[in-house]
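S.K.: What follows is a predicted structure for the sequence shown.
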Amino acid sequence: MSNTLSGDSQDQRHWFTEIHPATGSAFSLKLHGKLHQADSPWQRIAVYATEAFGNLMVIDGYIMLSGRDNFLYHEMMAHPALFTHPHPRRVLIIGGGDCGTLREVLKHPAVETATQVDIDEAVTRASERYFPELCESNDDPRAQLCFEDGLAWVKNVAPASYEVIIVDSTDPIGPAEGLFAQPFFSDCHRALSADGLLVQQSESPLFHLESILAPLHRKLRTAGFADTHTLHFPQCVYPSGWWSATLARKTGRVDDFRTADAAAKPFTTDYYNAEIHRAALATPEFMRRALAGAG
């Protein structure tokens, strides 16, 4: 989730620093120590105890989440999409191995099945141990956890299998590179019902507008989605502290959401509400210019 070089070689007894050389910036957290490290067939997973941000998960030297601020990301990846679709019954999560997005999805009573497909089981096992609050819905009878290749899953699933697909991926490098590619979005379009909706984590509007966000909109439109729109939210542990999720809808407009239902949501959130949803749809002028040709 952070397109940077790591400062993991620095003194881990005191600080974890993630450096973003392309923008001359970095982010640091003071540590109490390392709690966990494991090498899976795909990546290196580490968990640290921090002084002010709870536990910190790092994958291949990139910050994935902290105990203090992950609610921002997980709520904004789940609730805007589910309150935009008129009847979200079947949800697919690609990635999301920490299970925080799954927990938020399953807060919606209308959801009948939530299938999470992440290639690396080691991420989920680390999350169960060090972020148990994110995994409290893993035993929900509506949840299905599959440790498989998300690209292959979407390619092989029957047409119209889901109302909502959430792509809770890491950066478009390594195992996640294909999750930002045109063929994957075409497969998602086929896997969605006629009124289906996709949401993709889409990096920093400040740092990645030209390299990731603008191409993402073009790819989604080329794949057949009728409307696309990027939502904004703060995320201080990620580069620039400003993050985004991009929605794509097969029919209708992305900014047409179930406002009354969002305002009367029957569950607790820490960030998301109807007003936040509406505000997150606003597009800064520099983004308007950059995205003008995406449609």
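M.R.: Sure, I can see it. Residues are numbered from 1 along each chain as shown.
S.K.: and the longest helix for the protein?
M.R.: helix 70-84 (DSSP state H).
S.K.: following it, which helix or strand shows up next?
M.R.: Following helix 70-84 in sequence order, the next helix or strand is strand 90-95 (DSSP states H and E).
S.K.: what's the offset of the helix or strand following that next one from the middle of its chain?
M.R.: Note on strand 90-95: by DSSP H and E, the next helix or strand toward the C-terminus is helix 100-105. Relative to its parent chain, helix 100-105 has a centroid offset of 10 Å by CA atoms, centre = their mean, to the nearest Å.
S.K.: Tell me which helix or strand comes right after helix 100-105.
M.R.: Beyond helix 100-105 on the C-terminal side, the first helix or strand identified by DSSP H and E is strand 113-117.
S.K.: what packs against the longest helix of the chain?
M.R.: helix 100-105, strand 162-168, strand 192-201, strand 227-234, strand 242-249, helix 259-263, helix 274-280 (3 or more CB pairs under 8 Å, 6 or more residues apart in numbering; DSSP states H and E). Yep, even glycine has a C-beta here, placed from its N, CA and C like the rest.
S.K.: what is the mean pLDDT for that helix?
M.R.: The pLDDT scores in helix 70-84 average 98.
S.K.: excluding its backbone neighbours, what's nearest residue 269?
M.R.: Using CB to CB, 6 or more residues apart in numbering and skipping residues adjacent in sequence, the residue nearest residue 269 is residue 75, 5.4 Å away.
S.K.: Next, count neighbours for residue 264.
M.R.: 9 (other CB atoms under 10 Å).
S.K.: for residue 21, same thing?
M.R.: 9.
S.K.: cool, the one 10 residues further on as well?
M.R.: Neighbour count of residue 31, defined by other CB under 10 Å: 19.
S.K.: partner residues bridging it?
M.R.: Beta-bridge partners for residue 31, by DSSP bridges, are residue 50.
S.K.: you'd agree it is up against residue 47?
M.R.: No - counting by CB atoms under 8 Å, residue 31 does not reach residue 47; the two are 10.9 Å apart.
S.K.: Leaving out chain neighbours, which residue sits closest to residue 39?
M.R.: Residue 39 sits nearest to residue 45 (CB to CB, 6+ apart), 7.8 Å away.
S.K.: Alpha carbons only: can I get the longest helix of the chain in CSV?
M.R.: Extracted as CSV, the C-alpha positions of helix 70-84 are listed here (Å, rounded to 0.1, in the frame of the first residue of the first chain):
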residue,chain,number,x,y,z
ASN,A,70,-6.3,1.2,9.7
PHE,A,71,-10.0,1.9,10.3
LEU,A,72,-9.7,4.8,7.8
TYR,A,73,-8.7,2.6,5.0
HIS,A,74,-10.8,-0.4,5.8
GLU,A,75,-14.0,1.6,6.2
MET,A,76,-13.5,3.6,3.0
MET,A,77,-12.7,0.4,1.0
ALA,A,78,-16.0,-1.2,2.1
HIS,A,79,-18.8,1.2,3.0
PRO,A,80,-18.9,3.6,0.1
ALA,A,81,-19.1,0.7,-2.4
LEU,A,82,-21.7,-1.2,-0.4
PHE,A,83,-23.9,1.9,0.1
THR,A,84,-23.6,2.8,-3.6
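S.K.: ok so, going back, redo the helices and strands packed on helix 70-84 as CSV? Include mean neighbour count and distance to residue 58.
M.R.: Shown next, in CSV, are the helices and strands packed on helix 70-84 (neighbours: other CB atoms under 10 Å; distance: least, CB to CB, whole Å):
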stretch, mean neighbour count, distance to residue 58
helix 100-105, 26, 16
strand 162-168, 26, 17
strand 192-201, 22, 17
strand 227-234, 20, 20
strand 242-249, 24, 17
helix 259-263, 14, 33
helix 274-280, 16, 27
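S.K.: Of all those, which one comes closest to residue 63?
M.R.: strand 242-249 (11.8 Å; CB to CB).
S.K.: And the closest one, what does it pack against?
M.R.: helix 70-84, strand 192-201, helix 214-222, strand 227-234.
S.K.: To residue 182, which of these lies closest?
M.R.: helix 214-222 (4.9 Å).
S.K.: so what secondary structure elements neighbour that closest one?
M.R.: Using 3+ CB pairs under 8 Å, 6+ apart, helix 214-222 is in contact with helix 182-191, strand 192-201, strand 227-234, strand 242-249, helix 285-291.
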